[in-house]
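1. just coords:
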């Protein structure tokens with residue numbers, strides 16, 4: 001009998017948490033590491049790490065070039081594309097509640113940084129761990145410490161902390 005009540009409590013907690021996140025969440029843009037690939041239009045010079053200036057395409061192709069730089073990669077030899085995902089979460093700027101937060105959190109090289117606490121769904125754990133940085137309310141933030149999973153029974157909430165060098169604006173809260 002207690003096992004059945006426990007499952008019911010976990011289900012109720014998950015449902016309540018989902019409703020809370022949907023009502024109070026903000027968009028968080030997660031930037032992952034860039035993907036680079038060799039240019040499909042020209043040959044890549046691996047020694048100098050630039051385009052060799054020799055086209056792979058034939059003279060009838062619209063991207064064909066005789067001399068100069070490649071019109072696809074602009075002479076870089078590689079094409080870089082950035083990866084970005086938008087997720088929802090509850091954001092708490094300055095979670096300790098005091099105005100001296102910048103003095104209490106001193107990551108090496110980031111003295112005076114503002115701390116941001118974000119509560120997310122547990123399915124975003126790998127995304128947060130592999131991120132280069134996130135943008136919250138238009139402010140670039142970096143991961144401060146490893147994410148922590150919380151919840152009833154199985155973990156349902158991911159709590160993570162980010163920091164930014166920007167000073168806290170009073171109207172963001």
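-> Good, I have the coordinates. This one's a predicted model, so the numbers in the text were calculated from it and none came from an experiment. Numbering: from 1, shown residues only.
2. Might you list the low-confidence residue ranges for the chain?
-> 1-3, 94-113, 151-155, 165-173 (pLDDT under 70).
3. Pretty sure residue 161 sits against residue 119.
-> No. Look at residue 161 against residue 119 with C-beta atoms under 8 Å: they stay out of range, at 10.6 Å. All C-beta spots, glycine's among them, are computed from the backbone N, C-alpha and C.
4. Look through the chain and tell me its longest helix.
-> Longest helix in the chain, counting residues (DSSP state H): helix 2-24.
5. what helices or strands is that one leaning on?
-> Applying 3 or more C-beta pairs under 8 Å, 6 or more residues apart in numbering; DSSP states H and E, one finds that helix 2-24 makes contact with strand 78-93.
6. let's see it at 10 Å
-> If you count contacts as 3 or more C-beta pairs under 10 Å, 6 or more residues apart in numbering; DSSP states H and E, helix 2-24 packs onto strand 78-93, strand 114-121, strand 157-164.
7. Show me which residues of that helix are buried.
-> Using 16 or more other C-beta atoms under 10 Å as the test for burial, helix 2-24 gives 14, 17, 21.
8. Any figure for the gap between residue 6 and residue 13?
-> 11 Å (C-beta to C-beta, to the nearest Å).
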